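**Student:** give the three-dimensional model of this entry:
(one chain, ligands or ions: 1)
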Amino acid sequence: MQATPLSVLDVIQVGVGPSASHTVGPMRAAADFVNHLAQSGAAFDRLQVELQGSLGATGRGHLSDGAVLAGLSGFLPDTVEPGSLPRLLSSVKPAGSIVLPGGSSVGFQYDWDMVFTPETVAPFHNNSLVIRASQGDQVTFALRYYSTGGGFVTRDDAIEGEPGNLTQLDKTPTTVDVPYPYTSMGDLLRAAETNNKTIGEIVRANEKTRMSMGEFGKRLDTLQKQMGACIDRGCATTEDVLPGGLAVPRRARKLFLRLTERDGKPGTPAIWRSFAQDPMRAMDWVNLWALSVNEENAAGGMVVRAPTNGSAGIVAAVGRYLQWFCPEVETKCGPAQRDYLTVAGAVGGIIKTNASVAGAEVGCQGEVGSAAAMAAGGLAAALGGSPHQIENAAEIAMEHHLGLTCDPIGGLVQVPCIERNAIAAVKAINAARMSLWGDGTHRVSFDEVIETMYETGLDMSSKYKETATGGLAVNVVEC
Ligand code: SF4
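**Tutor:** A predicted model of the protein is given here:
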């Protein structure tokens, strides 16, 4: 296990929807494959993609096929045009070829060369894909990839059976020397206590080995702006229905208009007068912001995954709650928001390192539960919580998502995902508030909850791990 913690900027990243593990990861894998194929010098006139395990089961609904085609054409999740994957699919199918990054074309018959094998479960991870290049009948180059959640990808040079040489594609160098190495929340708390620092200060000192603090702060500000822009896009859209065939209505715009009519705009005195009539009105806005982000995600828009796309609404909505509804701290982009994202990212990194953030591996507790823990820990930090209160906030939020399954209807990141983000955002705020009324002393540690979440996830039937074969996915008629 690495002692160099994941960078906050690896845990919270911008990328296209609808899924970190099923869209972002496969796109990154495919882009990596074409680079290696070019370097190999192998002859080829055809490519073939095999989406295995959970990618095979729900890959169509998550646009994994379009994501791989985009990656093979050289697009990346943070730069590809939002909403372009369905268009790419419909152009590749009749063309029978893919345009590679240099502009040349290679044969790709979608019906033959995009293969879905949900029954193939790789030993290392059940989100695997194999990409093969061939010349005539001969496979000339092939690699296997695992999309391990949150957009993280591992390359494997063994294309079947037990893993061979594994290489993580992610950005954080695991060899970098940081002043405060940690793998668990317990380590992080000890580092804070021993050195009389806040958790944010410990995390920033580590990040400083990767970039200047000015650069780090700027990147956090950009992420915060991108989250806000995503919320605003979702509230302004003119689309009424989400794509994918379930005819799920988009609610954010109508809700935004109704809330604005009732309360006025956030950031104005009118809204505080409105809240005086009913303090729970703030919750309506938090719901709105989470719904808005996840509707954007479901529509293939650009979101900030934290730690995944399917759970992207939670950190974004709680961040805006901090920005607009916590007047005791700075309300604009600045130290409070930076502290929020810094600590949220550290919490997510600990979960990713010790357990999983992939619904396909541990169910929705690993996605939405992790995002709620990140948001709760980040909010407690931004509101001045002690290290133990921050740990408590993250622990409460995760503890009360234990056992949450992943069973999206139709394999689409829509039902129950969108509403689930709204519910979890409110839970995260509650967890932070509950922890801040205590002194940080509590019975169950965050590390124990993470261990429990992971074991629960491993024991969970595969029906409830992003395969669309159990739960709501089978009990709700799709049309
Ligand atoms: S149910 Fe949860 S884990 Fe599954 S796709 Fe939806 S948000 Fe992701």
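
**Student:** for the rest of this, base every contact and every neighbour count on C-alpha atoms.
**Tutor:** Will do.

**Student:** okay, and the most centrally placed residue in the chain sits in which element?
**Tutor:** With distances taken as Cα atoms, centre = their mean, Thr308 lies nearest the centre of the chain, 0.9 Å away. Following DSSP states H and E, there is no helix or strand that holds Thr308.

**Student:** on the three-state scheme, the residue of the stretch 201-350 of the chain found nearest the ligand is what?
**Tutor:** The nearest approach of the stretch 201-350 of the chain to the ligand comes at Gly310, 4.1 Å away (Cα to the nearest ligand atom). Assigned with DSSP: H, G, I helix; E, B strand; the rest coil, Gly310 falls in the coil class.

**Student:** now for the residue nearest to it when sequence neighbours are not counted, how many residues are close by?
**Tutor:** Excluding the flanking residues, the one nearest Gly310 by Cα to Cα, 6 or more residues apart in numbering is Ser19, at 5.8 Å. By other Cα atoms under 10 Å, 31 other residues sit near Ser19.

**Student:** was I right about Ser19 contacting Gly411?
**Tutor:** No: the pair Ser19 / Gly411 is not scored as a contact, 10.8 Å apart, by Cα atoms under 8 Å.

**Student:** who touches both of these two?
**Tutor:** His62 (Cα atoms under 8 Å, 6 or more residues apart in numbering).

**Student:** ramachandran angles for Asp156?
**Tutor:** Main-chain dihedrals, Asp156, degrees, to the nearest 10: phi -130, psi 130.

**Student:** bridging residues for it?
**Tutor:** The partner list for Asp156 in beta bridges (DSSP bridges) reads Arg144, Leu166.

**Student:** contacting residues around it?
**Tutor:** 143-146, 163-167.

**Student:** out of these, which are buried?
**Tutor:** Using 16 or more other Cα atoms under 10 Å as the burial test, the contacts of Asp156 include 143-146, 163 as buried.

**Student:** please identify which of those is nearest to Ser40.
**Tutor:** Nearest to Ser40 among the buried ones among the contacts of Asp156: Leu143, at 11.7 Å, using Cα to Cα.

**Student:** am I right that that closest one is in contact with Ala133?
**Tutor:** No: counting by Cα under 8 Å, Leu143 stays clear of Ala133, with 9.3 Å between them.

**Student:** from the recorded domain assignment, give the ranges for this protein.
**Tutor:** Taking automatic domain parsing as the criterion, the chain consists of the domains 19-168, 185-475.

**Student:** near the ligand too, which of the buried ones among the contacts of Asp156?
**Tutor:** For the ligand, no contacts are drawn from those by Cα under 6 Å from any ligand atom.

**Student:** dump those residues to CSV, plus pLDDT.
**Tutor:** Listed next are those as CSV, based on pLDDT from 0 to 100:
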residue, pLDDT
Leu143, 98
Arg144, 98
Tyr145, 98
Tyr146, 97
Pro163, 96
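
**Student:** chain neighbours aside, what residue packs nearest to Val444?
**Tutor:** Of all residues not flanking Val444 in the chain, Glu395 sits nearest, at 7.7 Å (Cα to Cα, 6+ apart).

**Student:** surely the one you found meets His442?
**Tutor:** No: the criterion here is Cα under 8 Å, and Glu395 misses it with His442 at 9.6 Å.

**Student:** the two: which is more packed in?
**Tutor:** The residue with more neighbours, out of Glu395 and His442 and counting by other Cα under 10 Å, is Glu395; that gives 29 against 15.

**Student:** tell me the first helix or strand C-terminal of whichever strand or helix holds the more buried one.
**Tutor:** Element membership of Glu395, judged by DSSP H and E, is helix 387-399. Using DSSP H and E, the next helix or strand after helix 387-399 towards the C-terminus is helix 417-436.

**Student:** who touches that following helix?
**Tutor:** Helix 417-436 has contacts (Cα under 8 Å, 6+ apart) with 283, 286-291, 294-295, 310-315, 317-318, 368-369, 372-373, 375-377, 379-380, 385, 389-390, 392-394, 396-397, 408.

**Student:** among the residues you listed, name the buried ones.
**Tutor:** Neighbour-count burial (16+ other Cα under 10 Å) is assigned, among those, to 283, 286-291, 294-295, 310-315, 317-318, 368-369, 372-373, 375-377, 379-380, 385, 389-390, 392-394, 396-397, 408.
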